[in-house]
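**Student:** Any chance you could fold what I've pasted below:
(2 chains)
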Amino acid sequence: MGLAGLTQVQKRQLVCFLFTLPALAVVFVFFLFPMLRALLFSFTNWDGIARTYRWIGLKNFQTVVADSSFKQIVFNTLYLTIIYVPVLNVVALLLAVGVYNAGKAGNVYKAMLFFPNLLSMTVIGLIWNIIYRYNGLFNQFLKLVGLKVLVQDWLGQVNTVLPAMSVTIIWFAVGYYLLIYLAGLNTVPLELYESAEVEGVSAWQKLVRITIPLIAPSITINAVLSTIGIVTLFDLPFVLTGGGPGFKSQTIAMHVYAYAFQQLRTSYALALAVILGAFAILITSLQLRFLRRREEVIL
Amino acid sequence: MKSKRLLGFRRRARVGINVVMVLIVLLLILPLWYVLNNAFKVEKEILRRPLVLLPSAATLDSVIRSFKAMKYPRVFMNSAVVFALSCALLISAGSLAAFGIAMAKSRFLNAVYVVLVAMITLPFQLAMVPLIFLLKGLRLMNSYLGTALVYSGWFLPFVVFLYTGFIRTVPKELEEAGRVDGCGLFRSYRSIYIPLLKSITGTVLILRGVPIWNDLLVPIITISRATMSTLPLKLYSFIASSGSSATRWNLVFGSTFLVSVPILFVFLFLQRYFVRGVVAGAIKG
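**Tutor:** Below you'll find the predicted structure:
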C-alpha cells in the first residue's frame, strides 16, 4: 500500500494519529458536533422534530432576550457569580489556613470539610430544601440562638432565596477549593514566616503580605474553576428550588433545560444555550487575563 | 520542624485554632448528621428530635422500606454500569489519545490538543439539545451505552489533558529504550506506559468518575424509563417530584442515606487518594 512511501517519522506520526482517533471520534460526535449544530440551528426555526427549517437570523435571540424571564435569569446568574466566587474563595482560604495551622487534627478537619463535595448534588439539594423549610432545622436553630425575628420560609421568598441558595452551594463546594488552597499553602517556605515573626509582624499582616501573594496560582485556579462551576451549575439549584419562586432563583443554565425539556421550545433553548456558551467563554477569558501573571496554570 | 511554627502562628495559638475549627467543622457536618440519624429512627421522632438519636427510637425500618420502594438493587446496578462504562471509555480512549499526542511531535496533533483543551470549559448545556435528538436518531436513549457516550464526549477533553500532561513528564528515554528493544508504539503504550498511569488514572476517577456517579443532568435527559434510572435520578423522581405535602419523612431520609452510602464507603477507605487526586488535577507543573 501507500504506506511504503512514508518515512520512519511519518509512519510514527500516522500511528500516533490513529491512537487519538477513538477519543476524537467520540468527542466530535457526542460533544463538538452537537455544539456546532446548536450554534447553527439557533439561527433557524428548527423545532427538533420537523424535517424542514429555515434561516430566521437573530429572531430566536430577540425573542429570548425580550422574554420577561430573561432579565431575571441573567440577574440571578450574575448575582450568584458575584456573591459566590469571592465569598467561597475567602471562606475556603481561611478554612485552609485554619486546617494548616491546626496540627495533627488538620487531616480530620480536612476530610470532614471535603466530604460534602463527594455527595450527589441531588442529595444536597434535597437535604437543604428540608433544612430551609418553615419548620425546618435552620429556623429551629435561629429560634434556639434567640433570632426568632429571622424565622421565615427561606426558599419561598423572593429576597431570601438567592442568599439561601448561595449558602448551600458554598457549603457544598468549599471543601474542594480548600484542598487546592491547602496544597498552595504547603509550597510556602516557612522561613518567610520566621523572619516576619522576628520583625514582629501581626498574623493578619502575614496572611495579607506573605501568604496571599505566594499562593496566587491557587487563587487563580480556584477563581476560574469556581466561576465556570457556578455559571454552568444545574443539579443543585434544580433540586433545591427548581428555579422558584417564579423564576426568582432560575439561572441561565437551568433555563436552557426549562426551554428544551419543560416548555419544549427547542429554538429558544438553542439560542439561550449559545448565549450561555458565549457568557462562559467571555468570563473565563477575562478572568484568566486579569488573574494570570507569572504563574503557569491551566485548570 | 513543621509542627513548631506554622504560617506565623505560635504554638499557644494552636489550641485556639483547634477550638474554632472543631466548632466550624461540627456546624458544617450538622446537615449530614441530620440525614444520618433520621434515617435510623421511627417517623414521629424525626419531627420531635431531629438531631438526637435515642436508642429506644432506633430502627432500620426506614432504610429497609426505602430500599424496597426505590428498587435499590436494580437502580444501583444501573448507576454502576453507567459509571463503569463511562470510566472505561474515558480511561482507555483518553490515555491512548494522550499517548499519541505526547509521542507524535506533530504540529497537527498539537493543534488538536489545543482545541481539546479549549473545549474543557465549554458548558454542556450548549451541546445538550442537539445531543438528545442525535441519541434519539441513534436509538441510544434509555441505554447505558448512550449515557456513557454522552459523558465520554463531555469529559474526554479534560481526561486527555490530564493524561497528556502526565505522559509529558515521563522521560522520553523510556519509550526510546523500548523502541531499541523492538517495541512498537502500541506495545510500549501497553507494557511501559499503562503501568505508570495508575496514579493519574486515580485522579481521573476522582475528578470525573465521582461527578458521573453523582450526576443528575445527563440521566434526567437521556433516561426516561424507570427501570433504567440511576441513583440520583431515582432519588429526584422518588422524592423531589412528589411534592412537599405528601412527604414521608422516613422515606426521604432512608433513601437519601441509601443514595449516599456507596460514596461514603469508598471515601472512608480511599480518603488519601481523594485528597491527592483533587490537588493533582488542579495544579499542573
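**Student:** shaky segments in the stretch 151-285 of chain B?
**Tutor:** B:240-247, B:283-285 (pLDDT under 70).
**Student:** In terms of helices and strands, where is the residue in it that chain A sits nearest to?
**Tutor:** Per Cβ to the nearest Cβ, B:Gly153 is where the stretch 151-285 of chain B lies closest to chain A, at 2.9 Å. Yep, even glycine has a C-beta here, placed from its N, CA and C like the rest. Per DSSP states H and E, B:Gly153 falls inside helix B:144-169.
**Student:** from the middle of its chain, how far away would that helix be?
**Tutor:** The chain centroid and the centroid of helix B:144-169 are separated by 13 Å under Cα atoms, centre = their mean, to the nearest Å.
**Student:** contacting residues for the most centrally placed residue in chain A?
**Tutor:** Chain A has A:Gly229 as the residue nearest its centroid, 1.2 Å off, counting by Cα atoms, centre = their mean. By Cβ atoms under 8 Å, 6 or more residues apart in numbering or on different chains, the contact set of A:Gly229 is A:Ala173.
**Student:** Please identify the helix or strand for it.
**Tutor:** Assigned by DSSP H and E, A:Gly229 falls in helix A:216-232.
**Student:** and if you look at B:Ile64?
**Tutor:** Per DSSP H and E: helix B:61-69 holds B:Ile64.
**Student:** what packs against that helix?
**Tutor:** helix B:249-282 (3 or more Cβ pairs under 8 Å, 6 or more residues apart in numbering or on different chains; DSSP states H and E).
**Student:** got the angle for the helix it packs on vs helix B:61-69?
**Tutor:** 80 degrees (axes from the mean of the first three to the mean of the last three Cα atoms, to 10 degrees).
**Student:** Would you mark the buried spots in helix B:249-282?
**Tutor:** Buried residues in helix B:249-282, counted by 16 or more other Cβ atoms under 10 Å in any protein chain shown: B:249-260, B:263, B:266-267, B:273-282.
**Student:** what sits against the spatially most central residue of chain B?
**Tutor:** With distances taken as Cα atoms, centre = their mean, B:Val210 lies nearest the centre of chain B, 0.7 Å away. Residues near B:Val210 by Cβ under 8 Å, 6+ apart: A:Leu118, B:Ile263.
**Student:** how near is it to B:Leu89?
**Tutor:** According to Cβ to Cβ, to the nearest Å, B:Val210 and B:Leu89 sit 16 Å apart.
**Student:** follow-up on the earlier one: keep the buried residues of helix B:249-282, but drop any that are not near chain A.
**Tutor:** B:Val252, B:Thr256, B:Val259, B:Ser260, B:Ile263, B:Phe267, B:Phe274, B:Val275, B:Val278, B:Val279, B:Gly281, B:Ala282 (Cβ under 8 Å from any Cβ of the partner chain).
**Student:** one step back: please report how far the residue of the stretch 151-285 of chain B closest to chain A lies from A:Val87.
**Tutor:** Taking Cβ to Cβ, one finds B:Gly153 at 33 Å from A:Val87.
**Student:** Tell me which of the two has more neighbours.
**Tutor:** B:Gly153 (26 against 15; other Cβ atoms under 10 Å in any protein chain shown).
**Student:** Excluding sequence neighbours, find me the nearest residue to the more buried one.
**Tutor:** A:Phe30 (2.9 Å; Cβ to Cβ, 6 or more residues apart in numbering or on different chains).
**Student:** residues in contact with the closest residue to chain A within the stretch 1-150 of chain B?
**Tutor:** The stretch 1-150 of chain B approaches chain A most closely through B:Gly100 (3.1 Å), counting by Cβ to the nearest Cβ. Listed by Cβ under 8 Å, 6+ apart, the contact partners of B:Gly100 are A:Val15, A:Cys16, A:Phe17, A:Leu18, A:Phe19, A:Thr20, B:Leu109.
**Student:** what about A:Gln8, neighbour count?
**Tutor:** Neighbour number of A:Gln8 under other Cβ under 10 Å is 7.
**Student:** now A:Leu182: how far from A:Leu94?
**Tutor:** A:Leu182 is 12 Å from A:Leu94, where distance means Cβ to Cβ.
**Student:** Neighbour count, pLDDT and secondary structure for the contacts of B:Gly100 - can I get that in JSON lines?
**Tutor:** Output for the contacts of B:Gly100, formatted as JSON lines (neighbours: other Cβ atoms under 10 Å in any protein chain shown; pLDDT from 0 to 100; DSSP: H, G, I helix; E, B strand; the rest coil):
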{"residue": "A:Val15", "neighbour count": "15", "pLDDT": "92", "secondary structure": "helix"}
{"residue": "A:Cys16", "neighbour count": "22", "pLDDT": "93", "secondary structure": "helix"}
{"residue": "A:Phe17", "neighbour count": "18", "pLDDT": "94", "secondary structure": "helix"}
{"residue": "A:Leu18", "neighbour count": "13", "pLDDT": "95", "secondary structure": "helix"}
{"residue": "A:Phe19", "neighbour count": "25", "pLDDT": "96", "secondary structure": "helix"}
{"residue": "A:Thr20", "neighbour count": "25", "pLDDT": "96", "secondary structure": "helix"}
{"residue": "B:Leu109", "neighbour count": "22", "pLDDT": "94", "secondary structure": "helix"}
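**Student:** Adding distance to A:Leu137, write these out as CSV.
**Tutor:** Below are these laid out as CSV (distance: Cβ to Cβ, whole Å):
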residue, distance to A:Leu137
A:Val15, 60
A:Cys16, 56
A:Phe17, 57
A:Leu18, 57
A:Phe19, 53
A:Thr20, 51
B:Leu109, 54
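**Student:** can you tell me the helix or strand for the residue lying closest to B:Phe161 once chain neighbours are set aside?
**Tutor:** Spatial nearest neighbour of B:Phe161, excluding adjacent residues (Cβ to Cβ, 6+ apart): B:Val117 at 5.3 Å. Element membership of B:Val117 [criterion: DSSP H and E] is helix B:107-119.
**Student:** quick check: angle from whichever helix or strand comes after that helix to helix A:216-232?
**Tutor:** The first helix or strand that comes after helix B:107-119 along the chain, using DSSP H and E, is helix B:125-137. Using the same axes, to 10 degrees, the direction of helix B:125-137 lies 50 degrees away from that of helix A:216-232.
**Student:** ok, residues contacting helix B:125-137?
**Tutor:** A:29-35, A:37-39, A:41, A:48, A:232, A:234, A:253, A:256-257, A:260, A:266, A:269-270, A:273-274, A:276-277, B:141, B:146, B:150, B:153-154, B:221-222.
**Student:** so where does B:Leu174 fall, helix or strand?
**Tutor:** Short version, using DSSP H and E: B:Leu174 is in helix B:173-180.
**Student:** Same check on A:Leu264?
**Tutor:** Here A:Leu264, judged by DSSP H and E, is contained in no helix and no strand.
**Student:** what do you get for the one 4 residues further on?
**Tutor:** Secondary structure from DSSP H and E places A:Tyr268 in helix A:266-291.
**Student:** Now do the buried residues in that helix.
**Tutor:** A:266-277, A:279-280, A:283-284, A:287, A:291.
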